[in-house]
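In: One predicted model, sequence on top.
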Amino acid sequence: MTTVEDVTAGVESPPPLPPMARLAFRFFIASIVVAVVPVAVATARAIHNGWLPTGDNALFAVRARDLFSITNLPLLGTWSSASVNAGTQFNHPGPLYFDLLALPARVVQSGAGVAFGAALVNALCIVGIAVFAYRRGGALVGTIAMAATASLCWAMGSELMFEPWNPHSALLPFLLFLVLVWSMTCGDLLALPLAAGIGSLLVQTHLSYALLVPLLGVWGVVGLVLGMRGERSREPDAWAVRRARALRYTAGGGVVLAVCWIQPLIEQFTSDGSGNLTRLVDSARSSKAGTIGIGFGTRVVATVVSLPPWWFRPSMKDAFAPGWHEPSLGSTVFSLVVVFAVLGWCAWVSLRRRDRVSSWAIATAVVGLLAAFVTAWQGPVTVFGNVTPHTFRWLWPLGAFVFFVVASTIGRRLVGSEVASRRTAWLVAAFGLVTVAVAALNLPFADEGRGPNSQEYAIPAAHDLGQHMGSLEGRGPVLIDGLFRAGFADPYGAAVVAELQRREIPFVARDPVLVRQYGPARRFNGHNADAALQLRTGPATGDAPSGSRRVARGEGFPAADQRELSRLEAQIGKHVEQGQLHLNPRGQAALDAGNLPNLAQVQGGALGPRALFDSRELDVMIQEHFLALRRPWTARFERYAELQRAHDRETVGLFVERLRASGS
């Protein structure tokens, strides 16, 4: 049981004058509240606007609710896209994040439950960062930590504050883990079991932490052991009590690890064939996928940690995205030398002042950077290219921690060896104002993450589709493979599966990837489904595929945009009828090559302009710049193409096909 002494142990801020100390503490508490406000505002706004999990976010909703199911109990994390390169199907190691979302996702089965659960985890991480930073250096270090954390949240943008997708939901937990590791090196025993739990959450949630977390965890334990050995020599009389407490917390950490890893271990020893942990080890040993290497990996780390705009906005959206170019070798080396020089200066200052809190923070930052280099160098070349953006999201909290270490070291130096209470209060107030400023900047809608929440355009259509799925109730199991044929990152398939689960319509899957996503109990065996579902978007929603019928249609296109689209179609149609549609040389070459068959028939009088709209051939001509247009027609055609694409992606149809008795 944690005592008051445990909670207050390790705070190394000398006692200032009571009135100023109380003022500084109030500023610190206010900074915590301010840092949490953007999380609460973003989540409340999303819930109020009817946020619905789509894409991989919907997968988290399904598996979180499955925690209350006996047959579909999640034992693993999500399927990993690294399987494509490895040639072996495997998942992220564990379902711990599903477990954390389970209760709110079950109590509120709409999107509100998942959003609230993810936001609650992030808010608790912010509070945890504040508490342990305060335990290390009082109100000053605690408030600096809140300024860094609020800045990280601003870099992430409001929509990542409640997103359950694993690359994004792990960011604030990783920053908390870094603070806990630092606390361990300072001798804080309470940090040990918490680090075991948060570290397990990170490793289970995403494989990109598989090297980072163990390396940092080992460093934390080494620092803790070294610190305790020093305490034994300095205070031999108190050693017996300290050792007993250390044994209790170590045992507590072991219990936390056992509880966190029981589900993956159950899967390992009860699965058909090789367990997931075996698959992960075997794929790491035998994978023929190339790694990005030392040179490129170092550039990747420098992009976020040492080169402007560093880990601030808009780097979250722009770094590693299409069109990104790696920095030059010269700028990479120079910027990293500057960062390590600054850390070296901070270490020199801390050692001169015998500031153990700052010294261990600097050492932890250096170890974190070294672990980052090792992780980046080992990053695999995937189907997405040399760098897959979401697998390097951990660089942002690492960058925030490095900046925090430098700022806290400078702040503690400004305070001086004797606590100047008025100066401390002013510094706390200054960093509190920084927290207020970046938190205020993070209140408006901002999607910086390029994840599932970047497809929030699909929410109205998915919501409308779900409301019309009542005819499927009482049926099933249904085969869901046809929901995912639109390709990678389609927002609708998983949202339909989540609605099936909410309506208690059982479902199964044939595809091995889907089986690993939704659990082996949902594997299609050829006889356990009597119907198959299919999804179509855009113009394909009008006609049912052969042998099927439409059971639901979702429309998310705003009425005002629909009216504008209809008006533009009428204007452009008349323009075409009058023979005013002219091709440029590239367009004429495409027509001569037979790549514009409908246009050829329209020009020949066999078809009317409607054929160009229905076939989307006009859209192709606009996108490929095949047309010779004059003002104001250039703007009209471009606006038509923009609206038509939006209409197509925001219109979705659900079809059901009866399966033959053989299950084929």
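Out: Nice, I can see it.
In: Wait, residue 472 touches residue 549, no?
Out: No. Contact criterion CB atoms under 8 Å: residue 472 and residue 549 do not qualify, at 11.8 Å. Quick note: C-beta positions are derived from backbone N, CA and C, even for glycine.
In: okay, and the common contacts of these two?
Out: Counting by CB atoms under 8 Å, 6 or more residues apart in numbering, the contacts common to residue 472 and residue 549 are residue 656.
In: So which of these two has more stuff around it?
Out: The neighbour count for residue 472 versus residue 549, taken as other CB atoms under 10 Å, is higher for residue 472 (21 against 11).
In: count of neighbours near the closest residue to that one other than its chain neighbours?
Out: Distances taken as CB to CB, 6 or more residues apart in numbering place residue 505 nearest to residue 472, at 5.4 Å, with adjacent residues excluded. Applying other CB under 10 Å, we find 18 residues neighbouring residue 505.
In: you'd agree residue 505 is up against residue 473?
Out: Yes. The criterion here is CB under 8 Å, and residue 505 meets it with residue 473 at 6.3 Å.
In: which parts of stretch 335-343 are buried?
Out: For stretch 335-343, the neighbour count (16 or more other CB atoms under 10 Å) marks 335-336, 339, 342-343 as buried.
In: and the nearest residue to residue 444 once chain neighbours are set aside, what is it in contact with?
Out: Using CB to CB, 6+ apart and skipping the chain neighbours, the partner closest in space to residue 444 is residue 158 (7.0 Å). By CB under 8 Å, 6+ apart, residue 158 lies in contact with 38, 41-42, 45, 442-447.
In: roughly how far apart are residue 580 and residue 568?
Out: Going from residue 580 to residue 568 by CB to CB, to the nearest Å gives 15 Å.
In: Looking at these two, which one has more neighbours?
Out: Using other CB under 10 Å as the criterion, residue 580 and residue 568 rank with residue 568 on top: 18 against 12.
In: Nearest spatial neighbour of that one, chain-adjacent residues omitted?
Out: Nearest one to residue 568, counting by CB to CB, 6+ apart, is residue 640 at 4.3 Å.
In: can you check residue 57 too?
Out: Here the residue nearest residue 57, using CB to CB, 6+ apart, is residue 452, at 4.4 Å.
In: Residue 238 now?
Out: residue 231 (7.6 Å).
In: The one you found contacts residue 239, correct?
Out: Yes. If you go by CB under 8 Å, residue 231 and residue 239 touch, sitting 7.2 Å apart.
In: Can you list the buried residues in the helix or strand hosting residue 589?
Out: Assigned by DSSP states H and E, residue 589 falls within helix 585-592. For helix 585-592, burial by neighbour count (16+ other CB under 10 Å) applies to 587, 590-591.
In: Following the longest helix seen in the chain in sequence, what is the next regular element?
Out: As assigned by DSSP state H, the longest helix anywhere in the chain is helix 111-156. Next along the chain after helix 111-156, taking DSSP H and E as the criterion, comes helix 166-169.
In: Touching that following helix from outside, list them.
Out: Against helix 166-169 from outside (CB under 8 Å, 6+ apart): 56, 60, 77-78, 92, 97, 118, 121-122, 156, 160, 163, 205-206, 208, 390-391, 393, 449, 451.
In: from the residues you listed, which ones fall inside helices?
Out: 56, 60, 97, 118, 121-122, 156, 205.
In: Are any of those residues buried, and if so which?
Out: 56, 60, 97, 118, 121-122, 156, 205.
In: Which one of those is nearest to residue 613?
Out: residue 56 (33.5 Å; CB to CB).
In: Does residue 571 lie in a helix or a strand, and which?
Out: Per DSSP H and E: helix 559-577 holds residue 571.
In: same question for that helix, mean pLDDT?
Out: Over the span of helix 559-577, the pLDDT mean works out to 95.
In: Distance from it to the middle of the chain?
Out: 39 Å (CA atoms, centre = their mean, to the nearest Å).
In: If we go by neighbour counts, what in that helix is buried?
Out: Result for helix 559-577 [16+ other CB under 10 Å]: buried residues 565, 568-569, 572-573, 575-576.
In: Now render those residues as JSON lines, adding distance to residue 367.
Out: Listed next are the buried residues of helix 559-577 as JSON lines, based on distance: CB to CB, whole Å:
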{"residue": "565", "distance to residue 367": "56"}
{"residue": "568", "distance to residue 367": "59"}
{"residue": "569", "distance to residue 367": "61"}
{"residue": "572", "distance to residue 367": "62"}
{"residue": "573", "distance to residue 367": "66"}
{"residue": "575", "distance to residue 367": "66"}
{"residue": "576", "distance to residue 367": "66"}
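In: Quick one: the strands in the protein, in order.
Out: Using DSSP state E, the strands of the chain run over 478-482, 507-508, 531-537, 548-555, 651-658.
In: out of these, which comes closest to residue 101?
Out: strand 507-508 (20.1 Å).
In: what packs against that closest one?
Out: Judged by 3 or more CB pairs under 8 Å, 6 or more residues apart in numbering; DSSP states H and E, the packing partners of strand 507-508 are strand 478-482, helix 492-502.
In: Just checking: what are the partner strands of it?
Out: strand 478-482 (parallel) (DSSP bridges).
In: what's the partner strand in contact with?
Out: Against strand 478-482 from outside (CB under 8 Å, 6+ apart): 472, 493, 496-497, 500, 505-511, 514, 524, 529-535, 655-657, 659.
In: gap between the longest helix of the chain and the chain center?
Out: On CA atoms, centre = their mean, the centre of helix 111-156 falls 16 Å from the chain's centre.
In: Next: stretch 444-463.
Out: 13 Å.
In: Show me what the mean pLDDT comes to for that stretch.
Out: pLDDT averaged over stretch 444-463 gives 94.
In: send the alpha carbons of it over as CSV?
Out: Included here for stretch 444-463 are C-alpha records, laid out as CSV according to Å, rounded to 0.1, in the frame of the first residue of the first chain:
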residue,chain,number,x,y,z
PRO,A,444,-9.5,24.7,-32.4
PHE,A,445,-9.9,21.6,-34.6
ALA,A,446,-6.6,20.4,-36.0
ASP,A,447,-5.8,17.1,-37.5
GLU,A,448,-2.1,16.7,-37.7
GLY,A,449,-1.7,12.9,-37.6
ARG,A,450,-2.4,11.4,-41.0
GLY,A,451,-4.2,8.5,-39.3
PRO,A,452,-7.8,7.2,-39.3
ASN,A,453,-9.1,10.5,-37.9
SER,A,454,-7.9,12.1,-41.1
GLN,A,455,-10.9,10.5,-42.7
GLU,A,456,-13.5,12.1,-40.5
TYR,A,457,-15.3,13.0,-43.8
ALA,A,458,-16.5,9.4,-43.7
ILE,A,459,-18.3,9.7,-40.4
PRO,A,460,-21.7,11.1,-41.6
ALA,A,461,-22.0,8.5,-44.3
ALA,A,462,-20.9,5.7,-41.9
HIS,A,463,-23.4,6.9,-39.4
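In: buried ones in it?
Out: Result for stretch 444-463 [16+ other CB under 10 Å]: buried residues 446-456, 458-463.
In: can I see the domain layout of the chain?
Out: Following automatic domain parsing, the chain resolves into domains at 27-436+448-452, 530-664.
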